[in-house]
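J.: Predicted model and sequence below, questions to follow.
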Protein chains: 2
Amino acid sequence: MGSNSIDPRVVRTRELALNSARSLLLEGGISSITHLNVAEHSGLGRKTVYRHWPTASDLIYETFSSANFPRADRTGELRSDLLAHLEALRQALVDGPLAYLIHALNERAANDPEIAELRDRLTNEGCEPIRIILRDAVKVKRLPRIDIEEAASQLEGPLFYRTLVRNEAVPKRTITKIVDQFLDAHRIVI
Amino acid sequence: MGSNSIDPRVVRTRELALNSARSLLLEGGISSITHLNVAEHSGLGRKTVYRHWPTASDLIYETFSSANFPRADRTGELRSDLLAHLEALRQALVDGPLAYLIHALNERAANDPEIAELRDRLTNEGCEPIRIILRDAVKVKRLPRIDIEEAASQLEGPLFYRTLVRNEAVPKRTITKIVDQFLDAHRIVI
DNA sequence: TAATCTATGACACATTGTGTGTCATAGACG
DNA sequence: CGTCTATGACACACAATGTGTCATAGATTA
């Protein structure tokens, strides 16, 4: 009944395997997440890895699901929240693996419905923080009744465009510029 | 002497193989570009494909190099040139395989220096058209002395952001909006 | 046309990766 | 302590990858 798979052996196996899978992902890319690699890297048996994740998609799915994506703390003040959020995003894109993860996930999603579903979920989750900041600001009348999605595009768009498409390193001061241009455009007094 | 590899057999083999490689890329993604798949799809011998492209990177490199990326014709009139360019881009991203190709290329580039070089070259080539339009407009004083790269980001950024990152379908009328907002911001009389 | 050169493809072989089956055993749980 | 099950060692089949050999079809040159 209470067999909610709390067997410590299962917990141990899952943790060992997923730790290895995440390491492999960062070291050798998404194609390094194979049953063989995970087994060798974690010291688990190959069959054991297959037992927990029968297909490569299952492995990749859970590896990405268990990854921690950057989140900035909020203060409640619009400008500093936008700055903190975009700066965290900038660092994840420029110094961290976020850009690669987005490319890898979307590449797989094109030919794997399971991964496509994961991609959609993670994309939505990743887009939430800026939406929340903006929605709250509208609610407290710090912003006029703007189109949230359009505003998010204006704020996050340039960052993603330069890192994902142009492969440029975006300097920190660009963030301030983007935020202040945005606030200016909506006649927000700083 | 004149052995500039104009042997019709070589020409035939290369064309057959690359046609197959491009088809495979569009049908099954970048991971479908393998020596085996290309040989079977084209009817060529497996060894023959290895002879022309010893590594998988070589195959992928030339497959992407030989792909035709969309180009819009120019009239010389700023607004219509911007509209035509962005609309061609929008169609390639929304209806065509461009979004996938960008993700796939960048994913590979992260773990393959040869592909990274190709990515850089294609990225630069792809970014040229908008630069040319903008540079010419500045030259003819249709635009003030703006930062070309920043202007390009404002025009192309939202399109890429919505398609590559958010996976949304961008409607045609968005293009007009983007262009007119841009021209407005620079006080261009239409 | 005949002679020479070379790109091709059929075949063979080794290596690695993938996926499954069997089964003794170590470890969890009552 | 007895029962249950997750594990891992081993074996097997099969597909993909990469290279080597060699007869031959097709191209070039005389």
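T.: Structure's in. What do you need?
J.: for the residue nearest the centre of chain A, helix, strand, or coil?
T.: Centroid-nearest residue in chain A: A:Phe69, 4.4 Å away (criterion: CA atoms, centre = their mean). Secondary structure assignment for A:Phe69 (DSSP: H, G, I helix; E, B strand; the rest coil): coil.
J.: And for the one 3 residues further on?
T.: Counting by three-state DSSP, the backbone at A:Ala72 sits in coil.
J.: My guess is it contacts A:Ala84. True?
T.: Yes. Using CB atoms under 8 Å, A:Ala72 is in contact with A:Ala84, at 4.1 Å. Glycine gets a C-beta too; all of them are placed from N, C-alpha and C.
J.: host element of the closest residue to the residue nearest to the centre of chain A other than its chain neighbours?
T.: Leaving aside its sequence neighbours, A:Phe69 sits nearest to A:Gly126 (CB to CB, 6 or more residues apart in numbering or on different chains; 6.2 Å). Secondary structure from DSSP states H and E places A:Gly126 in helix A:113-139.
J.: Which strands and helices lie in contact with the following helix or strand past that helix?
T.: Note on helix A:113-139: by DSSP H and E, the next helix or strand toward the C-terminus is helix A:148-160. Here helix A:148-160 touches helix A:78-94, helix A:113-139, helix A:172-185, helix B:148-160, going by 3 or more CB pairs under 8 Å, 6 or more residues apart in numbering or on different chains; DSSP states H and E.
J.: can you do 10 Å?
T.: Counting contacts by 3 or more CB pairs under 10 Å, 6 or more residues apart in numbering or on different chains; DSSP states H and E, helix A:148-160 packs against helix A:78-94, helix A:98-109, helix A:113-139, helix A:172-185, helix B:148-160.
J.: Quick one: closest of the ones you listed to DNA strand D.
T.: Comparing the helices and strands packed on helix A:148-160 against DNA strand D with CB to the nearest atom of the strand, the closest turns out to be helix A:98-109 (16.5 Å).
J.: can you tell me if that closest one touches DNA strand C.
T.: No. Counting by CB under 7 Å from any atom of the strand, DNA strand C is not contacted by helix A:98-109; separation bottoms out at 13.9 Å.
J.: buried ones in that helix?
T.: Neighbour-count burial for helix A:98-109 flags A:Leu98, A:Ala99, A:Tyr100, A:Leu101, A:Ile102, A:His103, A:Ala104, A:Leu105, A:Asn106, A:Glu107, A:Arg108, A:Ala109 (criterion: 16 or more other CB atoms under 10 Å in any protein chain shown).
J.: how close does the first one sit to B:Glu156?
T.: Right, the one you point to is A:Leu98. As judged by CB to CB, to the nearest Å, A:Leu98 and B:Glu156 stand 21 Å apart.
J.: Which neighbouring residues are in contact with the closest residue to A:Ile130 other than its chain neighbours, exactly?
T.: Nearest residue to A:Ile130, sequence neighbours excluded (CB to CB, 6+ apart): A:Ala152, at 4.8 Å. By CB atoms under 10 Å, 6 or more residues apart in numbering or on different chains, the contact list for A:Ala152 reads A:Cys127, A:Pro129, A:Ile130, A:Arg131, A:Ile133, A:Leu134, B:Tyr161, B:Arg166.
J.: re the thing from before, chain B next: which of the buried residues of helix A:98-109 are close?
T.: Among the buried residues of helix A:98-109, the residues lying close to chain B (CB under 10 Å from any CB of the partner chain) are A:Ala99, A:Tyr100, A:Leu101, A:Ile102, A:His103, A:Ala104, A:Leu105, A:Asn106, A:Glu107, A:Arg108, A:Ala109.
J.: Could you restrict the residues you listed to the ones contacting DNA strand D?
T.: The subset of these within reach of DNA strand D, by CB under 7 Å from any atom of the strand, is empty.
J.: circling back: overlap in contacts of A:Ala72 and A:Ala84?
T.: With CB under 10 Å, 6+ apart, A:Ala72 and A:Ala84 have common neighbours A:Pro129, A:Ile133.
J.: and chain A, which of its residues are near DNA strand D?
T.: A:5, A:7, A:9-10, A:12-13, A:43-48, A:51-52.
J.: Which members of those residues are classed as buried?
T.: The neighbour-count criterion (16+ other CB under 10 Å) marks A:Thr13, A:Leu44, A:Thr48, A:His52 among the residues of chain A next to DNA strand D as buried.
J.: Show me the two of the residues you listed that sit farthest apart.
T.: Among those, the pair separated by the greatest distance (CB to CB) is A:Leu44 and A:His52, at 9.1 Å.
J.: shared neighbours, those two?
T.: A:Thr13, A:Arg14, A:Ala17, A:His35, A:Val38.
J.: Show me the shaky parts of chain A.
T.: Residue ranges of chain A with pLDDT under 70: A:1-5, A:188-190.
J.: redo that, cut-off 50
T.: Low-confidence segments of chain A, defined by pLDDT under 50: A:1-3.
J.: Around DNA strand C, pick out the residues from it.
T.: A:2, A:6-9, A:34-37, A:46-47, A:50, A:54-56.
J.: Out of these, grab the one that's most surrounded.
T.: In terms of neighbours by other CB atoms under 10 Å in any protein chain shown, the residues of chain A next to DNA strand C top out with A:His35 at 22 neighbours.
J.: neighbours of the closest residue to A:Arg145 other than its chain neighbours, just the number please.
T.: Spatially, and ignoring its direct neighbours in sequence, A:Arg145 is nearest to A:Val138 (6.2 Å; CB to CB, 6+ apart). As a burial measure, A:Val138 scores 14 neighbours (other CB under 10 Å).
J.: OK, contacts around A:Val138?
T.: Per CB under 10 Å, 6+ apart, neighbours of A:Val138: A:Pro144, A:Arg145, A:Ile146, A:Ile148, A:Ala151.
J.: Look up how far A:Gly157 lies from the last one.
T.: I take that to be A:Ala151. Using CB to CB, one obtains 10 Å as the distance from A:Ala151 to A:Gly157.
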